[in-house]
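Visitor: Compute the structure for the input listed below.
(one chain, ligands or ions: 1)
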Amino acid sequence: MKLYNKSELMPLLENFGFNFSKTLGQNFLIDKNILDKIIDNSNINKNTNVLEIGPGAGTLTYELCKRAKKVVAIEIDKALIPILEHNLSEFNNFTLINDNIMKIDLKELIDKYFGNQKFIIAANLPYYITTPIIMNIFEGGFNVESMILMIQKEVADRIYAKPGTKDYGALTVGVGFYASPEIICQAPPHCFTPQPKVSSVVIKLNVYEKPPYHVNNKEMFFKMVKSVFSQRRKTLVNSLSGSPFIYCDKTQIENALKTMGPDLKIRGEKLDIGKLAELSNYLFK
Ligand code: SAM
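Guide: Residues are numbered from 1 along each chain as shown. As a prediction, the model looks like this:
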């Protein structure tokens, strides 16, 4: 089945009376080249478990099922369920769950289908919830090896940004703390139907088995990061001492910075993840 072929996909969707929903971020992939790149870079083999978020009509799902050990897909839209069941009927390694990725108990689901085995995540994500999905998965501490994701280009730029640039922020640090990001390819609007207004990028997040950054108090580290980037025009000392998210007095922060070396007027956005972790360890036990 060539679901990536628009002339094959559209009549099929029409037969089922399917209408695209803008609110659910439904832009289906119709580019074979991009599909191949996702598959080639996901390193799937017959031992791989895959969790797919938002399978749509099953274009990516079909290729995943052909190669993986097990594919579990979560799709919110009821209207897509009979379409997916039809398109993937030849596979017995496929489980479809009609639910909302933001509401489902992910831990229970992962325990049920993958136990303590490793898995990967593959998704052409609905853009309206890209960041919370990625962060929920990291924070859940699951046995994820990697995530291969189609995301909005602007979000990929923020994930991949270097310290001191305008895109560098809480998302860069949040993702970079858990994984090393790798840009796979660009996907312009014409690779989808209907065409989105924005450009997209396929990104792979290679999750660290052993995180390279040690923080004493992860909760306080992330609150500190939030403080740094929510007041990015201020110096680090001012943004942290005035933060509503953490309590630290000015002298404590100045002492930490003196020990660490950078100048006292530095802005937090210049610090890389390692330095932010170091600062957090000075401030929070
Ligand atoms: N994977 C398909 C493809 O590549 O053609 C469809 C990708 S489309 C960008 C996003 C998909 O996510 C849609 O099928 C949409 O219905 C689904 N979706 C949106 N919000 C969701 C949610 N909260 N939970 C699960 N699926 C969701």
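
Visitor: List the neighbours of the helix ranked longest in the chain that are in contact with it.
Guide: Counting residues, the longest helix in the chain under DSSP state H turns out to be helix 218-230. Contacts to helix 218-230, defined as Cβ atoms under 8 Å, 6 or more residues apart in numbering, come from residues 169-170, 173-174, 215, 236, 239-240, 243, 245-246, 268-269, 271, 276-277, 279-280, 283-284. All C-beta atoms are positioned from the backbone trio N, CA, C, and that covers glycine.

Visitor: give me that answer again for 6 Å
Guide: 169-170, 173, 215, 239-240, 243, 245-246, 268, 280, 284 (Cβ atoms under 6 Å, 6 or more residues apart in numbering).

Visitor: Dump those to JSON lines, plus distance to Asn27.
Guide: Compiled in JSON lines, these are given as follows (distance: Cβ to Cβ, whole Å):
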{"residue": "Gly169", "distance to Asn27": "25"}
{"residue": "Ala170", "distance to Asn27": "26"}
{"residue": "Val173", "distance to Asn27": "29"}
{"residue": "Val215", "distance to Asn27": "37"}
{"residue": "Ser239", "distance to Asn27": "37"}
{"residue": "Leu240", "distance to Asn27": "40"}
{"residue": "Ser243", "distance to Asn27": "38"}
{"residue": "Phe245", "distance to Asn27": "35"}
{"residue": "Ile246", "distance to Asn27": "39"}
{"residue": "Gly268", "distance to Asn27": "35"}
{"residue": "Ser280", "distance to Asn27": "38"}
{"residue": "Phe284", "distance to Asn27": "42"}
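
Visitor: Sort out for me which of those residues are in helices.
Guide: Counted as lying in helices by DSSP H, out of these, are 170, 173, 239-240, 280.

Visitor: Relative to the ligand, which of those is nearest.
Guide: Ala170 (22.0 Å; Cβ to the nearest ligand atom).

Visitor: how many neighbours does the residue nearest to the closest one when sequence neighbours are not counted have?
Guide: What sits nearest to Ala170 in space, not counting adjacent residues and going by Cβ to Cβ, 6 or more residues apart in numbering, is Phe229, at 4.5 Å. Counted with other Cβ atoms under 10 Å, the burial measure for Phe229 works out to 17 neighbours.
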